[in-house]
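Q: Please find the sequence and the predicted model below.
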Amino acid sequence: MSAPEIYEDGCPICKERLENGSDVVQIRQKGADGINAASVQRGDNVDVAAGCKAWLNEKFAPDLLETKQDVVDNMMLHLQNMDENLHKGHVGEPKSTIHQLELERLRFVLTSYLRSRLRKIEAYFPHLLDQQRNQTAEDPLRLSPDEYIFAEEYANNMSLYFRRVALRHMPTAQQKLDLSKTVAPPDLDAFVFLQVKDRQERVLIEEATDDQEEYVIDLEENSKHLMRYKPIAPLVSNGAVQLI
């Protein structure tokens, strides 16, 4: 069944007629491109596609990825501007309905992205805090300042909870709690689906061992694969591959 079509004077986002002269507006990839174009014209510096890519990568990666605070801030500002523009229009008009649908879609993407990060912080907080404290200036920033505060408060609350519930009832020699040994680290050997954005040559998948030689492959552009996350983690970080 074909997608529903909405007839309007032009694009409800960028306020311009479609290039082919048609009065039909379809909410597909062109809709996202229209939002980006309109944002650039207004000087918003908002890239909706960047937010969607960050969301998918964070959703499917087993580890916490580099923070995209600039993308989050831009999307929040964009949502605020869209909400203000929506209230200026007339409720019930097709244009306002499309605007509301796009607003809800972007709000879902942003909320899901932040929830995915919070879930990982709660699951792996000792390891993330250790990485943040020991990282160098060249290492990517995993936790934003607010996320770092949240992780520290969560770690303190967990330690306090264990002391009150269990540790204080144990012998003194057994009251020490090392959360980094208690909480399992992320499973970097988990398998993920990915799509290659830029061709990559001689990607090391398996290192050489006594039983086998090293295993390297070439990743062709637009090809899709199912493989372990650890070997391709750097390619996710630099945008060469997209988790799907």
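A: Sure thing, it's come through.

Q: ok, so what distance separates the spatially most central residue of the chain from residue 242?
A: For the chain, the residue sitting closest to the mean C-alpha position, by C-alpha atoms, centre = their mean, is residue 55 at 2.7 Å. For residue 55, the distance to residue 242 (C-beta to C-beta, to the nearest Å) stands at 11 Å. Bear in mind the C-beta positions are built from the backbone N, C-alpha and C, glycine included.

Q: what do you get for residue 155?
A: 32 Å.

Q: Measure how buried residue 133 is and give me the count.
A: 8 (other C-beta atoms under 10 Å).

Q: Can you tell me the element it falls in?
A: helix 94-134 (DSSP states H and E).

Q: try residue 180
A: Going by DSSP H and E, residue 180 is part of helix 179-182.

Q: Quick one: list the elements packing against the following helix or strand past that helix.
A: Note on helix 179-182: by DSSP H and E, the next helix or strand toward the C-terminus is strand 191-196. Packing contacts for strand 191-196, counted by 3 or more C-beta pairs under 8 Å, 6 or more residues apart in numbering; DSSP states H and E, involve strand 224-228, helix 229-237, strand 241-243.

Q: cutoff 10 Å now
A: For strand 191-196, the packing partners by 3 or more C-beta pairs under 10 Å, 6 or more residues apart in numbering; DSSP states H and E come out as helix 48-60, strand 215-219, strand 224-228, helix 229-237, strand 241-243.

Q: mind listing what's buried in that strand?
A: For strand 191-196, the neighbour count (16 or more other C-beta atoms under 10 Å) marks 192, 194, 196 as buried.

Q: got a list of what the second one touches?
A: Shown here is residue 194, whose contacts under the criterion C-beta atoms under 10 Å, 6 or more residues apart in numbering are 57, 60, 219, 223-227, 229, 232, 235-236, 240-244.

Q: Try it again at 7 Å.
A: 224-225, 232, 241-244 (C-beta atoms under 7 Å, 6 or more residues apart in numbering).

Q: hang on, the earlier thing: and the helix holding residue 180, how far from the chain's centre?
A: Relative to its chain's centre, helix 179-182 lies at 26 Å (C-alpha atoms, centre = their mean, to the nearest Å).

Q: what's the answer for stretch 226-233, then?
A: 17 Å.

Q: And the contacts of the helix or strand where residue 148 lies?
A: Element membership for residue 148 (DSSP H and E) is helix 145-165. With contact meaning C-beta under 7 Å, 6+ apart, helix 145-165 is reached by 67, 117, 121-122, 125-126, 128-129, 132, 143, 177, 179.

Q: list the helices and strands the helix holding residue 180 packs on?
A: On a contact count with 3 or more C-beta pairs under 7 Å, 6 or more residues apart in numbering; DSSP states H and E, helix 179-182 meets helix 94-134, helix 145-165.

Q: What is the burial count for residue 98?
A: Quick note: residue 98 (other C-beta under 10 Å) scores 18 neighbours.

Q: and it, how far is that from residue 105?
A: 11 Å.

Q: Next: residue 171.
A: 56 Å.
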